[in-house]
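J.: let me see the structure of the following:
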Amino acid sequence: MYVAAVDTAQRRLTFDLIQFLTGDAAHDAYVKDHPDDPEGPPNDYYIVNDNPQLRTLPVEPGLQVTVYWLGRGGAGTERIGFDELMDYFATNLAPEDGYLWFAPFWLTVRDGVVVAMDEQFIP
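T.: Okay, the predicted model is just below:
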């Protein structure tokens, strides 16, 4: 998913659900969308976003988010609090697509509440 909004006061996350495809599924979807380029997607992944609907879910108290600090002398993961997410996003300019960050995240949702959030490394 791509992050569209973060409400730390209400502990809510608004996001756009995507499909992050790899391997044969990524190749097939890429060739379908780009028939003139049968080589397949660069870096063996392809993101499909066929539905622009935004969704909002509550975030569990104390949620830790796994992020990649690419600007700190190399890629390394770190766990930060949900309340620190906007500061993390401020380390780079927001993409022009309306989302807050360029990389997608994986969410784990239990009983309608986000209980885990992990950034997907994008080469």
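J.: any low-confidence regions in this protein?
T.: 70-75 (pLDDT under 70).
J.: how about the strands in it?
T.: Secondary structure of the chain by DSSP state E: the strands cover 2-7, 12-16, 19-22, 45-48, 54-58, 64-68, 77-81, 105-110, 113-119.
J.: I'd like to check which residues are in contact with the residue nearest the centre of the chain.
T.: Nearest to the mean C-alpha position of the chain, by Cα atoms, centre = their mean, lies residue 104 at 1.7 Å. By Cβ atoms under 8 Å, 6 or more residues apart in numbering, the contact set of residue 104 is 1-2, 18, 20, 47, 119-120, 122. Placement of C-beta: from N, CA and C, glycine included.
J.: tell me, how many residues neighbour the closest residue to residue 86 other than its chain neighbours?
T.: Closest residue to residue 86 apart from its sequence neighbours, by Cβ to Cβ, 6 or more residues apart in numbering: residue 6 at 5.6 Å. Neighbours of residue 6 under the rule other Cβ atoms under 10 Å: 20.
J.: from residue 30, how far out is the residue with the largest distance to the centre of the chain?
T.: Largest separation from the mean C-alpha position in the chain: residue 36, at 28.0 Å (Cα atoms, centre = their mean). Distance, residue 36 to residue 30, by Cβ to Cβ, to the nearest Å: 11 Å.
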